[in-house]
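> just need the structure, nothing else, for what follows:
(one chain, ligands or ions: 1)
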Amino acid sequence: MTKDAWRVEGGGEAAFLGLRCSACSGFLEADRLRGACPDCGSPLRAEYDCGALAGALTPYTVAARPRGLWRWRELLPLPPGHDPVTFSEGDCPLLELPELARDLGLGDGRLLVLDESRNPTGSFKARGMSVAVSMAKHLGATALCAPTAGNAGSALALYGARAGLPVHLAMPADAPPLARLEAELFGARVRLVEGTIADCGKALRGEAEAKGWFDLSTLKEPYRLEGKKTMGFEIAEALGYDLPDVVLCPTGGGTGLLGIWKAFDELRRLGWIPEGATLPRMVAVQTEGCAPIVRAFSAGEEEPMPPRAPRTRAAGLRVPAPAGGKWILEVLRESRGAAVAVSDEALLEGARRAAALEGLSMAPESGSLVPALARLLEEGLVRGDECVVLVNTAGALKTPEVWAPV
Ligand SMILES: Cc1ncc(COP(=O)(O)O)c(C=O)c1O
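You can find the predicted model right below:
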């Protein structure tokens, strides 16, 4: 692949160089469909020549483009001249939450929420799937598959439909019913599996290999993360590239947290964030019934251990063995962040509190951020005068069943 092939129409230059393993640092060309690192099995990370872009791309150029995550095109992997598979995802608002801030004791600071519920299929999964399906189609995939807790599946089904590619999903039998319904509406084949998303992954693997379906499992292909990373670009842009002090993410597979951190790093290398500026502390929030990252972080371990019987009503957080576990722990430590586990009761109560005080419709996964922030403030790990961003990954009504009394 010559460098000219990546030239952006209009004079700018795309910066995508290829893929580097997040663990062994091996480098791979991005000229074919890629899964995880062929040498060590760890997630691959898209690498960009931010230095070369620095003079050619400015915040003003990106801000002036039509809305949607594809306005960050030079920092995304799809080569110029190829049409993305898109349905106007991204560009979700960063909203002030003054009442919740006061209620939590953050009165002298600022509390903001990136409201991802406004994406197609109502969750942040749309961002990852728009970029991953665009790349899969571009690189010749003829059918797509993924294990899913629910939201990733309905988003993949939507983008598969727009790409004209068949989609095969495996979902836990107790996954949110609306996610299955929505995925089937978009034409996906859904198989229900007893167990967690890890069991769904195992159930799909053999058939995917035999039938040539391209597997878009979280962090087992490199481009869903690239879509999710645009959340970090948008947070930075909305704050005039003056980054918040703390970002809290509900963490299952961890692509939201990793993507946002990757975005901040790329913006720093582009020079859009001042040299020497401190990047935000990243906080992973999980539930007590499935908290492999929190346990490993607290114990100073490098790798998470899967819990024996993962249980939670927040389906997106029931990820016992995140493929990027080691990488998530590295980011938490590098950013001087934290990892917090809250109970299911507390996360439902957190979402209800945000709804009542601010009119914010929060997924149970993101409801966890409210008690987590309360605890961090109590313990002095977040100060009352800091700027804090919560990522609301979806709205409450994607899972009506969780709001009913148990
Ligand atoms: C609503 C919601 N929030 C959070 C998550 C966890 O996402 P991540 O893989 O980025 O940790 C999921 C994953 O299914 C989800 O559906």
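> now the residue nearest to Ser335 when sequence neighbours are not counted, what's its secondary structure?
Excluding the flanking residues, the one nearest Ser335 by C-beta to C-beta, 6 or more residues apart in numbering is Met282, at 4.4 Å. All C-beta spots, glycine's among them, are computed from the backbone N, C-alpha and C. Assigned with DSSP: H, G, I helix; E, B strand; the rest coil, Met282 falls in the strand class.
> how much space between Met282 and Ala363?
Distance of Met282 to Ala363, given as C-beta to C-beta, to the nearest Å: 19 Å.
> more neighbours, the two?
For the pair Met282 and Ala363, the greater number of neighbours falls to Ala363 (30 against 25), based on other C-beta atoms under 10 Å.
> tell me the phi and psi of the closest residue to the more buried one other than its chain neighbours?
Leaving aside its sequence neighbours, Ala363 sits nearest to Ala394 (C-beta to C-beta, 6+ apart; 3.8 Å). For Ala394, the backbone dihedrals are phi -170, psi 170 (criterion: degrees, to the nearest 10).
> please name the bridge partners of Ala394.
Ser123 (DSSP bridges).
> what residues are up against it?
Contact analysis of Ala394 by C-beta atoms under 8 Å, 6 or more residues apart in numbering lists 116-117, 122-124, 151, 316, 363, 365-366.
> how far away is Leu248 from the ligand?
For Leu248, the distance to the ligand equals 12 Å [C-beta to the nearest ligand atom, to the nearest Å].
> same check, this time on Glu184
18 Å.
> I'd guessed that residue sits against Val190; true?
Yes. If you go by C-beta atoms under 8 Å, Glu184 and Val190 touch, sitting 5.8 Å apart.
> Glu234: what's it in contact with?
If you count contacts by C-beta under 8 Å, 6+ apart, then Glu234 has 90-92, 94, 114 around it.
> buried subset of the residues you listed, written for ChimeraX?
Applying 16 or more other C-beta atoms under 10 Å to the contacts of Glu234 leaves a buried subset, and the ChimeraX line that selects it is:
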select :90,91,92,94,114
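> picking that back up, and the contacts of Ala394 near the ligand, which?
The subset of these within reach of the ligand, by C-beta under 6 Å from any ligand atom, is 123, 151, 316, 363, 365.
> nearest residue to the last one other than its sequence neighbours?
Excluding the flanking residues, the one nearest Glu365 by C-beta to C-beta, 6+ apart is Pro250, at 4.0 Å.
> name the residues of the stretch 151-300 of the chain found near the ligand, please.
Where the stretch 151-300 of the chain comes near the ligand, counting by C-beta under 6 Å from any ligand atom, the residues are 151-152, 218, 250-256.
> how about the residue in the stretch 51-200 of the chain that the ligand sits nearest to, what does it touch?
In the stretch 51-200 of the chain, the residue found nearest to the ligand is Asn151; the distance is 3.5 Å by C-beta to the nearest ligand atom. Counting by C-beta under 8 Å, 6+ apart, Asn151 makes contact with 121-125, 176, 179, 316, 393-394, 398.
> which among the contacts of Ala394 gets closest to Val402?
Within these, proximity to Val402 (C-beta to C-beta) peaks at Ala363, which comes in at 9.0 Å.
> who's in contact with whichever residue of the chain sits closest to the ligand?
Relative to the ligand, the nearest point of the chain is Gly316 (2.4 Å; C-beta to the nearest ligand atom). Gly316 is in contact with 149-151, 250, 252, 363, 365, 393-394, counting by C-beta under 8 Å, 6+ apart.
> need those in TSV with secondary structure, pLDDT and distance to Ala339, can you?
Shown next, in TSV, are those (DSSP: H, G, I helix; E, B strand; the rest coil; pLDDT from 0 to 100; distance: C-beta to C-beta, whole Å):
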residue	secondary structure	pLDDT	distance to Ala339
Ala149	coil	94	20
Gly150	coil	96	23
Asn151	helix	97	22
Pro250	strand	98	12
Gly252	coil	97	13
Ala363	coil	98	19
Glu365	helix	98	15
Thr393	coil	98	17
Ala394	strand	98	21
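> tell me which two of these sit farthest apart.
Gly150 and Pro250 (13.6 Å).
> all helices for the stretch 201-350 of the chain, in order.
Assigned by DSSP state H, counting those that start in this stretch, the helices in the stretch 201-350 of the chain fall at 224-238, 255-270, 292-299, 325-334, 344-358.
> doesn't Pro79 lie inside a helix?
No. Assessed with three-state DSSP, Pro79 is coil; it does not lie in a helix.
> so for it, what's the pLDDT?
What the model reports as pLDDT for Pro79 is 95.
> Ser22: what's it in contact with?
Neighbour list for Ser22: 37, 42-45, 324, 326-327 [criterion: C-beta under 8 Å, 6+ apart].
> farthest-apart pair in these, please.
Among the contacts of Ser22, Leu44 and Lys326 lie farthest apart (C-beta to C-beta), at 13.7 Å.
> quick one on the thing from earlier: tell me the pLDDT at the residue nearest to Ser335?
pLDDT for Met282: 98.
> same thing with Gly107?
So Gly107 comes in at 84 (pLDDT).
> with Ala404 instead?
85.
> residue ranges for the helices of the stretch 1-150 of the chain, please.
Under DSSP H, counting those that start in this stretch, the stretch 1-150 of the chain gives helices at 50-54, 59-64, 98-104, 125-138.
> is Pro372 in a helix, a strand, or coil?
Pro isn't right for residue 372; it's Ala. Under three-state DSSP, Ala372 comes out as helix.
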